[in-house]
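> next come a sequence and a model predicted from it.
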Amino acid sequence: MKRAASGSYGQLKAPKFYHQGDLEFKEDGESTKEEASRVADHYSARRNHTLEEREASPIIHLKKLNNWIKSVLIQLYARKGDAVLDLACGKGGDLIKWDKAEVGYYVGIDIAEGSIEDCRTRYNGDGHLSWKKFTSRLLCADCFEVQLDKALADDAPFDICSCQFALHYSWSTEARARRALANVSALLRPGGIFIGTMPDANVIIKKLREAEGLAFGNSVYWIRFGEEYSEKKFKSTSPFGIKYKFHLEDAVDCPEWIVPFHVFKSLAEEYDLELVFVKNNHVFVEEYLKVPDYLALMRKLKALDEWEVAYLYLAFVLRKRGQPEQTQTSSKKDRGKLHIKKEDITYLKARANGTGQEEGIDTTEANCT
Ligand SMILES: C[S@@+](CC[C@H](N)C(=O)[O-])C[C@H]1O[C@@H](n2cnc3c(N)ncnc32)[C@H](O)[C@@H]1O
């Protein structure tokens with residue numbers, strides 16, 4: 001197969017998608033659910049590190065770089081008083097960034113129960129004086145399976161939605177990828193912004209094709225594809241479910257899925273989300289790096305294996321079509337809480353009725369994933 005300059009899938013025709021209403025949101029097979037659980041268990045099991053442990057991490061420079069990229073995205077697009085939806089929020093690593101942007105209301109959702117609990121304690125200030133100026137709500141749910149607009153009817157619309165280093169977990173099936181985008185679209189106001197970071201499929205496939213076998217990596221990461229990809233070819237008609245195993249020292253060890261960006265872009269358009277920009281993280285750094293503090297970090301990073309990992313990712317910004325009636329969602333200060341108790345966390349589970357339509361929302365703890 002000839003590769004186009006624009007990317008591994010560049011010359012291939014965009015696949016024909018099922019239309020909404022056809023097979024849309026078909027119930028995932030058991031293995032898809034098991035894989036989602038494996039991802040949840042992996043992240044749930046990761047405990048919070050102390051500051052000393054964090055500084056000793058073999059990927060500390062990469063962590064700082066990723067935080068810087070997320071900070072830039074947030075500073076570029078979040079405005080004072082905004083209502084924020086953080087999909088796959090993890091342990092709340094971005095809470096301080098949102099606070100710096102002076103947002104008004106924050107809703108964080110993650111599939112991993114342990115991570116949401118860590119997010120809760122971090123938001124509450126870990127026993128220290130409360131630091132934040134925005135109210136919040138936390139949910140434990142599979143954001144790529146549950147229809148979130150019902151659960152968040154009183155919280156929406158949001159001015160900005162963020163999904164950092166996680167959207168690729170939706171790409172295991174078309175139904176999940178669609179659910180992810182449908183959720184974002186349904187919850188954003190017209191003109192609202194969707195920011196995110198995820199693996200760059202073009203880079204991963206380029207590296208796979210350059211590798212001798214089906215695995216590649218360096219001292220801090222490896223990626224391995226299964227034997228089914230021994231020819232290193234990918235059908236344009238099957239852009240979902242292209243799985244690989246990703247290991248990143250001190251961070252990730254679970255299945256992930258390739259997200260061909262042009263497919264992501266055209267699918268997003270179906271949900272009224274238009275691309276503002278996409279940049280590989282190396283390019284992002286070159287373009288936005290002006291702060292002297294980070295120049296030193298970057299000089300050091302570029303000599304390390306961690307810099308190669310940064311190349312595996314991209315940053316994107318999408319905008320929800322339409323003219324906003326007002327440029328910002330009305331204040332949600334009356335929503336959410338400044339201190340979140342364990343029992344304030346909402347647990348959601350989609351109940352499929354065979355056609356994949358969600359029947360209801362259960363808010364009991366036992367139903368998390
Ligand atoms: C690499 S971490 C990123 C966490 C956070 N966004 C950040 O940037 O610090 C990926 C996160 O995605 C979450 N995740 C994976 N699949 C998910 C799903 N189906 N629904 C919600 N969260 C999911 C994981 O539990 C994990 O917290």
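Noted; the coordinates are in hand.

> per-residue pLDDT, the residue in the chain that the ligand sits nearest to?
At 2.7 Å from the ligand, residue 90 is the closest residue in the chain, using CB to the nearest ligand atom. Glycine gets a C-beta too; all of them are placed from N, C-alpha and C. If you check residue 90, the pLDDT there is 97.

> on the three-state scheme, it is what?
coil (DSSP: H, G, I helix; E, B strand; the rest coil).

> could you check how many residues crowd around it?
Neighbourhood size, residue 90 [other CB atoms under 10 Å]: 20.

> what does residue 274 give?
When neighbours are counted by other CB under 10 Å, residue 274 comes out with 13.

> what number of residues lie near the residue lying closest to the residue of the chain closest to the ligand once chain neighbours are set aside?
Nearest residue to residue 90 in three dimensions, chain neighbours excluded: residue 115, at 5.0 Å (CB to CB, 6 or more residues apart in numbering). Residues near residue 115, counting by other CB under 10 Å, number 24.

> residue contacts, residue 115?
For residue 115, the contact set (CB atoms under 8 Å, 6 or more residues apart in numbering) comprises 43, 44, 46, 89, 90, 91.

> ok, now with 6 Å
43, 90, 91 (CB atoms under 6 Å, 6 or more residues apart in numbering).

> surely residue 310 touches residue 280?
No: with contact defined as CB atoms under 6 Å, residue 310 does not reach residue 280; the gap is 8.7 Å.

> who has more neighbours out of the two?
The neighbour comparison of residue 310 against residue 280 (other CB under 10 Å) goes to residue 310, with 21 against 17.

> what residues of stretch 281-289 count as buried?
For stretch 281-289, the neighbour count (16 or more other CB atoms under 10 Å) marks 281, 282, 284, 285, 288, 289 as buried.

> quick one: residue 81 and residue 105 touch, right?
No: counting by CB under 6 Å, residue 81 does not reach residue 105; the two are 8.5 Å apart.

> just the helices in the stretch 251-369 of the chain please.
261-270, 281-288, 292-302, 305-311 (DSSP state H, counting those that start in this stretch).

> touching the second one from outside, list them.
Outside helix 281-288, the residues that touch it by CB under 6 Å, 6+ apart are 69, 72, 310, 311, 313, 315.

> and for the last one?
If you take CB under 6 Å, 6+ apart as the criterion, helix 305-311 is touched by 59, 61, 62, 65, 203, 218, 219, 220, 221, 281, 282, 301.

> and with 8 Å instead?
By CB under 8 Å, 6+ apart, helix 305-311 touches 59, 61-62, 65-66, 200, 203, 218-221, 248, 280-282, 285, 301.

> this structure against the ligand: which residues are in contact?
36, 39-40, 43, 88-90, 93, 110-112, 115, 142-144, 164-166, 169 (CB under 6 Å from any ligand atom).

> which one of residue 81 and residue 105 has more residues nearby?
Set residue 81 next to residue 105 and count neighbours by other CB under 10 Å: residue 105 wins out with 24 against 18.

> in this protein, which strand is the longest?
Using DSSP state E to define each element, the chain has its longest strand at strand 188-199.

> gap between residue 281 and residue 69?
6 Å (CB to CB, to the nearest Å).

> low pLDDT regions in the protein?
Within the chain, the ranges that satisfy pLDDT under 70 run 1-30, 127-131, 291, 293, 329-333, 350-369.

> repeat the analysis, applying 50 as the threshold.
1-28, 353-369 (pLDDT under 50).

> scan it for its longest helix.
Assignment by DSSP state H gives helix 60-77 as the longest helix of the chain.

> can you name every helix or strand that the next helix or strand after that helix contacts?
Once helix 60-77 ends, the next helix or strand along the chain (criterion: DSSP states H and E) is strand 83-87. Contact here means 3 or more CB pairs under 8 Å, 6 or more residues apart in numbering; DSSP states H and E; on that basis strand 83-87 packs against strand 105-110, strand 158-164, helix 174-187.

> and these as a markdown table, adding distance to residue 342?
A markdown table is the format used below for these (distance: least, CB to CB, whole Å):
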| stretch | distance to residue 342 |
| --- | --- |
| strand 105-110 | 15 |
| strand 158-164 | 24 |
| helix 174-187 | 25 |
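
> identify whichever of the ones you listed lies nearest to residue 328.
Ranking the helices and strands packed on strand 83-87 by proximity to residue 328 (CB to CB) places strand 158-164 first, at 5.7 Å.

> buried residues in the closest one?
Within strand 158-164, the residues scored as buried using 16+ other CB under 10 Å are 158, 159, 160, 161, 162, 163, 164.

> please apply the same query to stretch 38-46.
In stretch 38-46, counting by 16+ other CB under 10 Å, buried: 39, 40, 43, 44, 46.

> so what touches that stretch?
90-91, 110-115, 142, 169, 252-255, 369.

> which one (most neighbours) among the residues you listed?
Counting by other CB under 10 Å, top hit in the contacts of stretch 38-46: residue 110 with 28 neighbours.

> still on that earlier bit, now list whatever residues contact both of residue 281 and residue 69.
Once CB under 8 Å, 6+ apart is applied, the residues that residue 281 and residue 69 both contact turn out to be 197, 315.

> which residues in the stretch 101-250 of the chain form helices?
113-124, 148-151, 174-187, 201-210.

> return the most buried member of the ones you listed.
helix 174-187 (a mean of 23; mean count of other CB atoms under 10 Å).

> just give the number of residues close to the residue nearest to residue 101 when sequence neighbours are not counted.
Counting by CB to CB, 6+ apart, residue 78 is the residue found nearest to residue 101 once chain neighbours are left out, at 3.9 Å. The local packing of residue 78 (other CB under 10 Å) involves 21 other residues.

> distance of residue 78 from residue 308?
As judged by CB to CB, residue 78 and residue 308 stand 30 Å apart.
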